[in-house]
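J.: Predicted model follows, preceded by the sequence.
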Amino acid sequence: MPPQHTHAPAVDPAALAHVLRRQARAGEAPWLHQEVARRMAERLPLIRQAPRTWVDWWGHRGGGAAAVAAVWPQAQRQVVEPTAELAAVSRGGMGGLWWLPGARAAARRRVRLEADPAPDPAQMVWANMMLHASLDVDATFTRWHEILEVGGFLMFSTLGPGSLRELREVYAEQGWPSPHLPFVDMHDLGDQLVACGFADPVMDQERIRLGWSSPTALLDELRAIGGHFDAARHAGLRTPRWRARLHRALASRADAQGRIHLSFEIVYGHAFKAAPPSTRQQTATVSLESVRLTLRNRTQGGDGA
């Protein structure tokens with residue numbers, strides 16, 4: 001039975017595409033994504049067997065290549081990107097003598113689009129800070145499960161429902177709808193992992209609190225981190241008057257040092273791909289004497305009826 005899509009926030013594909021184009025133009029992943037990648041990589045030494053090959057899902061946005069390479073420098077990295085623009089950025093960042101024909105061909109093999117056929121089987125799928133932007137979480141989990149070899153493992157991080165609580169409060173005070181799409185609870189994500197075939201999921205979370213010196217700096221960083229791609233967001237462009245109102249509301253929450261703070265709940269997930277259950281039935285051995293005895297009893301019972 002296919003997994004039920006009960007926890008899939010409605011992402012607007014057009015709005016998400018706009019965010020991804022903006023991130024393709026950025027020189028590097030957002031600071032928060034790089035910091036979460038560093039923290040997630042601290043857990044890698046707990047894995048007994050280092051992967052020979054690992055898939056970096058939405059690698060440019062995740063910013064985790066250096067963090068993983070610092071732990072497992074010999075592991076071969078494959079990258080899957082959601083758009084052609086991001087794939088081109090990742091190919092350009094592969095390093096080496098990229099202008100040589102052989103190097104370009106190698107980069108093409110190691111970087112592919114999400115819509116392309118699955119990459120070569122891998123022992124690890126790494127997906128940093130992208131799942132909350134997925135159009136279909138269950139389909140993404142299923143794709144990761146297909147890519148992994150038996151015994152391989154998944155490492156991912158995403159935003160949890162405790163993220164941006166202060167920003168939601170500002171919007172609620174102004175009578176505005178939520179400033180972002182709903183973030184999925186880590187327990188629901190664990191259930192989805194199991195429904196999609198993963199074994200032994202381990203879910204964890206931590207909170208990171210960041211501060212900014214002005215509303216402009218805060219909003220600029222939020223744009224770098226992602227964007228508002230909820231399908232239920234406000235239709236059309238906001239006015240300068242609305243933006244000024246938002247700035248005033250944010251500034252009113254500054255602390256004594258003049259800094260405005262936002263909280264981020266970072267959810268970490270880890271799971272394995274177990275061997276499929278055996279469908280081979282056990283062979284039952286029955287002695288010939290037992291068969292004769294069974295037939296004799298049935299015959300005698302029939303005579304006495």
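T.: Perfect, I can see it now. Being a predicted model, the structure only gives us computed values, none of them experimental.
J.: Residue 152: which element?
T.: strand 148-159 (DSSP states H and E).
J.: Which residues does that strand contact?
T.: Outside of strand 148-159, the residues within contact range by C-beta atoms under 8 Å, 6 or more residues apart in numbering are 36-37, 40, 43-44, 47, 49, 51, 57, 121-132, 144, 183-184, 189, 193, 198, 264-276. Placement of C-beta: from N, CA and C, glycine included.
J.: avg pLDDT for that strand?
T.: Averaged across strand 148-159, the pLDDT comes to 97.
J.: Show me what it pairs with in its sheet, parallel or antiparallel.
T.: strand 122-128 (parallel), strand 260-272 (antiparallel) (DSSP bridges).
J.: Please identify the most buried of the ones you listed.
T.: Mean neighbour count (mean count of other C-beta atoms under 10 Å) peaks for strand 122-128 among these, with a mean of 26.
J.: what about residue 214, distance to residue 51?
T.: 43 Å (C-beta to C-beta, to the nearest Å).
J.: which ones are touching the closest residue to residue 218 other than its chain neighbours?
T.: Leaving aside its chain neighbours, residue 218 sits nearest to residue 212 (4.0 Å; criterion: C-beta to C-beta, 6 or more residues apart in numbering). By C-beta under 8 Å, 6+ apart, the contact list for residue 212 reads 218, 221, 259-262.
J.: so where do the strands sit in the stretch 1-150 of the chain?
T.: Taking DSSP state E, counting those that start in this stretch as the criterion, the stretch 1-150 of the chain contains strands spanning 53-57, 76-81, 111-113, 122-128, 148-159.
J.: Other residues contacting the shortest one?
T.: I take that to be strand 111-113. The contact list for strand 111-113 (C-beta under 8 Å, 6+ apart) reads 78-84, 87, 90-91, 94, 119.
J.: May I see the ChimeraX selection of the buried members of those residues?
T.: In ChimeraX syntax, the buried subset of the contacts of strand 111-113 is picked out as below (16 or more other C-beta atoms under 10 Å):
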select :78,79,80,81,82,83,87,90,91,94,119
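J.: can you redo the contacts of strand 111-113 as JSON lines with distance to residue 137 and pLDDT?
T.: Output for the contacts of strand 111-113, formatted as JSON lines (distance: C-beta to C-beta, whole Å; pLDDT from 0 to 100):
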{"residue": "78", "distance to residue 137": "22", "pLDDT": "96"}
{"residue": "79", "distance to residue 137": "21", "pLDDT": "97"}
{"residue": "80", "distance to residue 137": "16", "pLDDT": "97"}
{"residue": "81", "distance to residue 137": "18", "pLDDT": "97"}
{"residue": "82", "distance to residue 137": "14", "pLDDT": "96"}
{"residue": "83", "distance to residue 137": "19", "pLDDT": "96"}
{"residue": "84", "distance to residue 137": "23", "pLDDT": "96"}
{"residue": "87", "distance to residue 137": "22", "pLDDT": "96"}
{"residue": "90", "distance to residue 137": "23", "pLDDT": "95"}
{"residue": "91", "distance to residue 137": "27", "pLDDT": "93"}
{"residue": "94", "distance to residue 137": "29", "pLDDT": "77"}
{"residue": "119", "distance to residue 137": "20", "pLDDT": "82"}
